[in-house]
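Colleague: What would the 3D arrangement of this be:
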Amino acid sequence: MHFLTLHVRLTRDCNAHCSYCSSAGMSAGRMSVAEFKRSIDFIADRVFTRIGVGKEHFLTVEFLGGEVLLVPQDELESCVAYARDRLGNMVRGYRDGAQSNLIGAPRRITALHDLFSGNLGTSWDRHSGQRHIKGSAELYNGILDRSLRVLQDERDHRPGRVIVVDAHTAPHLLDEVSAAIQDGYDLVLRPVFQGGSPDISALDPLDLAELMAKAYRLWSENPRVRIEPFSSLLHRRAQRGSADPTGAAAASARAGCPFQSDCAFKSLSLDPDGTLHVCQEMADAGHYPLGNALEGIFDERTWRLLARRSAHLSEDCARCEWRAECGGGCMNEAIEAHGDPFAKTELCPAWKRIFREIETDLATGALPAA
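Modeller: Sure thing, here's the model as predicted:
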């Protein structure tokens, strides 16, 4: 089975402000239901057919923002239903979900949970103050806490969370990993990327490497929850060369972005104005647009260029012992650092540091459940 994720932004508008986010405080409108249907029809009829998506695929559709809660509930439900009907019939398996800041009324929070059958994640930052509403991190955290209580009390659900790792959140990262393990929710550790916002405070790659190694060790000693990228990278390395009749490795692979060199085959992003990119990070940064669904344009030449990445990684990546598991890292990060989609990501030291920790676990038999 093959896997593809379609990232959908119905709006880039947001009801909060995160200093490193390209959607911070944005108010530019949203894609209408009619425009969404037109875009999905174009993707189904003209894009999926060209990139080979079909009956051997499992398709995941992720509704993102901006903030998805700013889309009226009836419009969101209409879009979700149309995508399920139009795209679900084209593929072998289908799943959808949403990423939300959960800054909204309790009824909208439970409605969002129910619409996606609990496939709902959120962003997370309890310490740095970079997520706020009208300058107030306390207001942001207060509303988020209320939403989390509603989901716990009324739906018995703890949504997975994404932490942007930068110089401000780094001092608290190990505490956050410990909290996720203790409270039983999944966690994604995502190093900050330039994207559409210049206001970022990235860690030095070597400092990031040491921090991620400490976080991995903390998790590996008590792997009660899924923490990315550790879970996916460990699973891939542990299963190297093994048959996988259940498809678990492939499922792990699709959850492990940005660790794939063939992301042109595995990811597509739709923006509110119809613009297409390989992924949401590429869309944030405006790198290598692939056309526009509303205008009926697919730039197959650019897509084919990006699709060659697997065969044109840097010489260092080609020789790396973990190439199969890492895939060369994130293409967008390579473009940000070097202007070249085939270059080596600047975060290579961090990923190699994690792999060395994994090798130690494999060699000693101290292997967490992947």
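Colleague: hey, where'd the strands end up in the chain?
Modeller: 2-9, 17-18, 57-64, 93-99, 120-123, 131-132, 160-165, 187-191, 227-228, 267-270, 276-277, 291-292, 297-298 (DSSP state E).
Colleague: so what's the residue nearest to His287 when sequence neighbours are not counted up against?
Modeller: Spatial nearest neighbour of His287, chain neighbours left out: Ile335 (5.1 Å); criterion: Cβ to Cβ, 6 or more residues apart in numbering. Any C-beta I mention is one placed from the backbone N, CA and C, and that applies to glycine too. Ile335 makes contact with 282, 285, 287-288, 341, 343, according to Cβ atoms under 8 Å, 6 or more residues apart in numbering.
Colleague: Any chance of CSV for these, columns pLDDT and neighbour count?
Modeller: Formatted as CSV, those follow (pLDDT from 0 to 100; neighbours: other Cβ atoms under 10 Å):
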residue, pLDDT, neighbour count
Met282, 92, 25
Ala285, 88, 19
His287, 93, 19
Tyr288, 96, 19
Pro341, 92, 22
Ala343, 90, 20
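Colleague: Going by distance to Gln99, which of those residues wins?
Modeller: Among the contacts of Ile335, Met282 lies closest to Gln99 (Cβ to Cβ), at 16.6 Å.
Colleague: and that closest one, how far is that from Asp153?
Modeller: Here Met282 is placed at a distance of 38 Å from Asp153 (Cβ to Cβ, to the nearest Å).
Colleague: do the same with Glu295
Modeller: 46 Å.
Colleague: which stretches of this structure have low pLDDT?
Modeller: 22-26, 194-199, 243-256, 367-370 (pLDDT under 70).
Colleague: Geometric centre of it: which residue is closest?
Modeller: In the chain, the residue lying closest to the centroid (Cα atoms, centre = their mean) is Cys257, at 6.6 Å.
Colleague: quick one, what contacts that one?
Modeller: 5, 263, 266-267, 279, 330.
Colleague: Then Pro349?
Modeller: 205-206, 208-209.
Colleague: just Leu64 next, same as before
Modeller: Listed by Cβ under 8 Å, 6+ apart, the contact partners of Leu64 are 7-9, 98-99, 280.
Colleague: mind checking how far it is from Arg9?
Modeller: Distance, Leu64 to Arg9, using Cβ to Cβ: 5 Å.
Colleague: list residues touching both of the two?
Modeller: Overlap of the contact sets of Leu64 and Arg9 (by Cβ under 8 Å, 6+ apart) consists of Gln280.
Colleague: So the residue nearest to Glu357 when sequence neighbours are not counted versus Pro106, what's the distance?
Modeller: Leaving aside its chain neighbours, Glu357 sits nearest to Tyr216 (4.9 Å; criterion: Cβ to Cβ, 6+ apart). Distance of Tyr216 to Pro106, given as Cβ to Cβ: 36 Å.
Colleague: Who has more neighbours out of those two?
Modeller: Tyr216 (25 against 14; other Cβ atoms under 10 Å).
Colleague: residue contacts, the more buried one?
Modeller: Applying Cβ under 8 Å, 6+ apart, we find Tyr216 in contact with 230, 354, 357-358.
Colleague: got it, and Arg319?
Modeller: For Arg319, no residue meets the contact criterion (Cβ under 8 Å, 6+ apart).
Colleague: how near is it to Glu346?
Modeller: For Arg319, the distance to Glu346 equals 18 Å [Cβ to Cβ].
Colleague: how about the helices in the stretch 101-250 of the chain?
Modeller: Assigned by DSSP state H, counting those that start in this stretch, the helices in the stretch 101-250 of the chain fall at 106-115, 137-155, 173-183, 205-220, 230-238, 248-255.
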